[in-house]
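Enquirer: Quick one: sequence plus predicted model below, questions after.
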Amino acid sequence: MKKITLPLNKQDVKELRAGDSVSLTGTILTARDCAHKKISELLDSGKQLPFEIKDAVIYYAGPCPAKPGSASGSCGPTTSARMDSFAPRLLNLGLGAVIGKGEMSDEVRDAVKRNCAVYFAAIGGAGALYGKAIKKSDCIAFPELLSEAVYRLEVENFPAIVAFDCFGGSIY
């Protein structure tokens with residue numbers, strides 16, 4: 001298992017290959033369908049995003065409320081293909097990686113390759129495991145979306161698999 005400290009740098013990305021198991025430690029953002037729609041609307045209107053997209057890692061998830069003494073509740077991945085229409089644009093703006101569940105389109109794979117980025121696959125049904133990897137959680141954008149808001153998560157030993165690498169490799 002490769003241990004990766006976030007934010008990603010291009011050298012780290014170039015050392016990853018489809019199928020590699022990784023453990024991520026650092027900052028990731030969450031964003032699901034509704035948040036992606038709002039992000040797209042802000043970009044379309046020429047407005048600045050309420051967070052930095054360059055080199056960020058977006059996890060396609062919505063954290064459940066935390067129990068007392070925990071930073072987050074369960075936080076499993078959602079189906080990545082639902083973000084296919086949004087991902088290439090964000091990758092072209094410098095997004096470093098996405099994390100989700102399942103296959104994404106050829107257009108996303110091409111954008112990952114073109115932008116020297118990576119798509120990490122998370123394990124569906126392992127939301128409790130991912131919730132335990134979250135050490136801190138703060139809502140940073142679109143609080144009206146509740147669990148679909150954008151959260152900044154500090155994670156430690158967050159397990160994933162490289163699904164698309166920057167050379168066009170795919171586990172699918």
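Expert: Good, I have the coordinates.
Enquirer: what's the nearest residue to Tyr60 if we skip its chain neighbours?
Expert: Leaving aside its chain neighbours, Tyr60 sits nearest to Gly100 (3.7 Å; criterion: C-beta to C-beta, 6 or more residues apart in numbering). Heads up, the C-betas are built off the backbone N, CA and C, glycines and all.
Enquirer: so who does Ser170 touch?
Expert: Residues near Ser170 by C-beta atoms under 8 Å, 6 or more residues apart in numbering: Ala18, Arg109, Ala163, Phe164.
Enquirer: Which members of those occur in helices, if any?
Expert: Taking DSSP state H as the definition of helices, those contribute Arg109.
Enquirer: As a markdown table, the contacts of Ser170 with pLDDT would be great.
Expert: Formatted as a markdown table, the contacts of Ser170 follow (pLDDT from 0 to 100):
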| residue | pLDDT |
| --- | --- |
| Ala18 | 98 |
| Arg109 | 98 |
| Ala163 | 98 |
| Phe164 | 98 |
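Enquirer: Could I get the full set of helices for this structure?
Expert: 10-14, 33-44, 87-92, 106-114, 127-133.
Enquirer: Just the strands from this structure, written as ranges.
Expert: Secondary structure of the chain (DSSP state E): strands at 2-5, 21-30, 57-59, 97-100, 118-121, 134-141, 150-164.
Enquirer: now those in TSV, with mean neighbour count?
Expert: Formatted as TSV, the strands of the chain follow (neighbours: other C-beta atoms under 10 Å):
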stretch	mean neighbour count
strand 2-5	14
strand 21-30	19
strand 57-59	27
strand 97-100	27
strand 118-121	26
strand 134-141	16
strand 150-164	21
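Enquirer: do you know which of those lies nearest Thr79?
Expert: Each of the strands of the chain has some distance to Thr79 by C-beta to C-beta; the shortest is strand 97-100, at 7.0 Å.
Enquirer: How far off centre is that closest one?
Expert: Offset of strand 97-100 from its chain centre (C-alpha atoms, centre = their mean, to the nearest Å): 3 Å.
Enquirer: Which neighbours in the sheet does it have, and how are they oriented?
Expert: Here strand 97-100 has these sheet partners by DSSP bridges: strand 57-59 (parallel), strand 118-121 (parallel).
Enquirer: ok, back up a step: to Ser45, which of the strands of the chain lies closest?
Expert: strand 134-141 (15.1 Å).
Enquirer: how much space is there between the residue lying closest to Leu16 once chain neighbours are set aside and Leu6?
Expert: Distance criterion C-beta to C-beta, 6+ apart; nearest residue to Leu16, sequence neighbours excluded, is Val162 at 4.8 Å. The gap separating Val162 from Leu6 is 14 Å, by C-beta to C-beta, to the nearest Å.
Enquirer: which ones are touching the residue of the chain positioned farthest from its centre?
Expert: The outermost residue of the chain relative to its centre, with distances by C-alpha atoms, centre = their mean, is Pro68 at 25.6 Å. Residues near Pro68 by C-beta under 8 Å, 6+ apart: none.
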